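[1] Kindly return the folded structure for what I paste below:
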Amino acid sequence: MVPVSNPTTAAEQQYNRAHAQTRVIVEQTVGMLKSHFRCLHSSSGCLQYTPIMCVKITNACLLLHNRCMKCGVPIPDDLPPLPNEELPHVDANPAFHWRGQRIQGIVTRQELIQNFFSNEQRDDDDEEEQEEANVKSKRRRRRRRKRSLMNILIV
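    I've put the predicted structure just below:
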């Protein structure tokens, strides 16, 4: 996913803000993992393995990190600093620029914006939630009435 280049609606602006915030968190997390697990950093941003093996290595590092956090193992602060690396922008998937895939990506992004950032969608969701709450409330009232009638009949 990429930000909307010229956002024209409030929903698109919200999406861009959320995208930027998420990207910062992801970059900080990857940086932290690279600094603690040098096997992730030593190859200048590219693990020299198959994609499946890269996933396994990354998952192992994540599991080790989570285990250390859970067990209270301190993260060493005295690690030598990582060199500032400015990786050139590399298009990981040149096929992405094929017209059909690009259009599908834009359509998917717009659906995401509509579903999660649009006030119209939120209003629809609010109405649905309100209807559901009303139905539940009616059911509770009916149950109370039945209980009241049962108590009256028992006495």
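
[2] Hmm, Leu64 is touching Leu33, no?
    No - counting by CB atoms under 8 Å, Leu33 is not a contact partner of Leu64; they are 9.8 Å apart. Where you see a C-beta, it was placed from the backbone N, CA and C, and this is true even at glycine.

[3] How much space separates Gln56 from Leu64?
    Heads up, residue 56 is Lys, not Gln. Plainly put, Lys56 is 13 Å away from Leu64 if you go by CB to CB, to the nearest Å.

[4] next helix or strand past the helix or strand where Gly31 lies?
    Applying DSSP states H and E as the criterion places Gly31 in helix 10-36. Following helix 10-36 in sequence order, the next helix or strand is helix 51-71 (DSSP H and E).

[5] can you give me phi and psi for the closest residue to His19 other than its chain neighbours?
    Excluding its sequence neighbours, the residue lying closest to His19 (CB to CB, 6 or more residues apart in numbering) is Pro3, at 5.0 Å. Main-chain torsions, Pro3, degrees, to the nearest 10: phi -70, psi 160.

[6] when you give positions from now on, start the count at 623
    I'll keep to 623 as the first residue from here, and by that count the last item is Pro625.

[7] and Pro625, what does it touch?
    Going by CB atoms under 8 Å, 6 or more residues apart in numbering, Pro625 touches Tyr637, Asn638, His641, Ala642.

[8] Could I get the pLDDT score of Pro629?
    We have a pLDDT of 91 for Pro629.

[9] Could you report the pLDDT at the closest residue to it other than its chain neighbours?
    Leaving aside its sequence neighbours, Pro629 sits nearest to Gln635 (CB to CB, 6+ apart; 4.7 Å). Note for Gln635: predicted pLDDT of 93.
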